[in-house]
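> the sequence isn't on hand, but the structure is:
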């Protein structure tokens with residue numbers, strides 16, 4: 001602009017600054033012009049332009065509203081520019097610490113943690129989590145923890161997943177079925193850890209959190225390592241799933257059905273068949289007597305493989321799937337569940 005080319009004043013700043021701060025009405029008008037331009041840029045996905053306009057606002061001593069900061073950070077996150085989103089959020093935090101801006105909401109930290117996870121930026125994720133802890137005097141909310149869990153589960157870091165859930169409990173954040181399922185997903189990688197997977201199921205029940213279909217499938221997948229001990233645990237998990245599913249058919253599915261249904265699906269039955277084959281290999285290799293195996297371990301696996309829902313049960317499940325509440329919270333939780341499910345299929 002012409003104002004930007006005007007000679008700079010040591011006390012008043014450049015021409016742009018002087019024009020924008022000439023009077024209160026001028027400052028309001030300048031702020032509105034910049035805000036509208038930023039919103040237009042973010043709507044168009046022009047993250048570079050949005051950042052540039054935000055920088056101009058700050059350079060001209062204009063105060064961006066939280067909605068402006070949030071729109072630019074989100075625009076960068078959508079473009080998977082994790083480092084840009086992180087830098088913007090940290091700048092926002094610094095201004096908030098200096099009393100020059102309102103502090104970012106937890107949802108903004110969630111957005112940046114999510115994009116860092118998508119871009120495999122583990123170091124940046126830890127930086128954002130630490131900044132969030134200082135800004136809000138908290139370790140985060142359920143979404144943030146689940147995102148961190150998902151990132152660790154993808155690497156098969158069982159111990160780190162346990163640390164996250166312990167941190168949740170210490171912060172007063174109760175882990176959800178998604179949290180436990182994602183932790184179990186870490187046990188379904190390579191190497192598999194059926195013992196820890198089953199222990200997670202025991203722990204979640206002790207917190208009155210019931211496993212759902214994805215939880216059971218993930219735990220069953222963690223048992224497919226060829227060991228008799230894992231086959232035994234897989235049989236126990238199969239028996240527990242059949243019992244819970246039968247109870248749900250009789251009493252109805254309570255709570256958020258998409259998260260609490262334990263009705264076996266096609267993938268469940270495929271896992272049960274694989275565990276039956278694993279059991280067969282166990283008795284062929286002499287790990288267990290064939291008659292004992294058939295009389296004990298195989299029975300729950302057969303029950304799960306042959307489990308049948310009535311037509312009414314199938315209709316109910318289909319209707320439940322059509323009624324998913326696609327709020328931002330549920331989207332993040334469902335994403336963690338889908339990652340856990342995909343990891344179990346590997």
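Yep, it's here. None of the values given here were measured: they were computed from a predicted structure. Residues are numbered from 1 along each chain as shown.
> and residue 95, how many residues sit next to it?
Look at residue 95: counted by other Cβ atoms under 10 Å, it has 18 neighbours. Bear in mind the C-beta positions are built from the backbone N, C-alpha and C, glycine included.
> kindly apply the preceding question to residue 281 instead.
The burial count for residue 281: 12, using other Cβ under 10 Å.
> can you read off the pLDDT for it?
Looking at residue 281, its pLDDT reads 97.
> now for whichever strand or helix holds it, which elements pack on it?
Applying DSSP states H and E as the criterion places residue 281 in helix 266-284. Applying 3 or more Cβ pairs under 8 Å, 6 or more residues apart in numbering; DSSP states H and E, one finds that helix 266-284 makes contact with helix 213-222, helix 228-251, helix 290-295, helix 298-305, helix 328-345.
> helix/strand/coil for the spatially most central residue of the chain?
Nearest to the mean C-alpha position of the chain, counting by Cα atoms, centre = their mean, stands residue 147 at 3.2 Å. Following DSSP: H, G, I helix; E, B strand; the rest coil, residue 147 is assigned to helix.
> local confidence estimate at it?
Predicted confidence (pLDDT) for residue 147: 77.
> for it, give its distance to residue 180.
15 Å (Cβ to Cβ, to the nearest Å).
> what of residue 45?
36 Å.
> residue 124: what's its closest spatial neighbour, skipping adjacent residues?
Leaving aside its chain neighbours, residue 124 sits nearest to residue 116 (4.5 Å; criterion: Cβ to Cβ, 6 or more residues apart in numbering).
> how many other residues sit next to the one you found?
Using other Cβ under 10 Å, residue 116 has 27 neighbouring residues.
> for it, which residues are in contact?
Going by Cβ atoms under 8 Å, 6 or more residues apart in numbering, residue 116 touches 82, 85-86, 122, 124-125, 128.
> before we move on, back to that, for residue 102, which of the helices and strands packed on helix 266-284 is the nearest?
Residue 102 sits nearest to helix 328-345 of all the helices and strands packed on helix 266-284, at 20.2 Å, using Cβ to Cβ.
> give me the mean pLDDT for the closest one.
So the average pLDDT for helix 328-345 ends up being 40.
> so where's this protein uncertain?
Where the chain drops to pLDDT under 70, the residues are 1-22, 138-140, 254-259, 309-346.
> and the angle from the helix holding residue 281 to helix 298-305?
For helix 266-284 against helix 298-305, the angle by axes from the mean of the first three to the mean of the last three Cα atoms, to 10 degrees is 160 degrees.
> ok, residues contacting helix 266-284?
213, 216-217, 220-221, 223-224, 226, 228, 230-231, 234-235, 238, 241, 288-290, 293, 297-298, 301-302, 304-305, 307, 341, 344-345.
> mind checking which of those residues are buried?
213, 216-217, 220-221, 223-224, 228, 230-231, 234-235, 238, 241, 288, 293, 297-298, 301, 304-305, 307, 341, 344 (16 or more other Cβ atoms under 10 Å).
> strands of the stretch 101-250 of the chain, residue ranges please.
Applying DSSP state E, counting those that start in this stretch to the stretch 101-250 of the chain gives no strands.
> now the helices for it?
Per DSSP state H, counting those that start in this stretch, the stretch 101-250 of the chain carries helices over the ranges 106-118, 122-136, 142-154, 158-170, 177-185, 194-206, 213-222, 228-251.
> now distance to residue 269 too, for these, in TSV please.
Below are those laid out as TSV (distance: least, Cβ to Cβ, whole Å):
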stretch	distance to residue 269
helix 106-118	32
helix 122-136	36
helix 142-154	24
helix 158-170	27
helix 177-185	19
helix 194-206	19
helix 213-222	10
helix 228-251	10
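> among these, which comes closest to residue 32?
Closest to residue 32 of the helices of the stretch 101-250 of the chain, according to Cβ to Cβ: helix 106-118, at 22.4 Å.
> what residues of that closest one count as buried?
Quick answer for helix 106-118 (16+ other Cβ under 10 Å): 106, 108-117.
> which of those lies closest to residue 64?
Proximity of the buried residues of helix 106-118 to residue 64 (Cβ to Cβ) peaks at residue 108, which lies at 13.0 Å.
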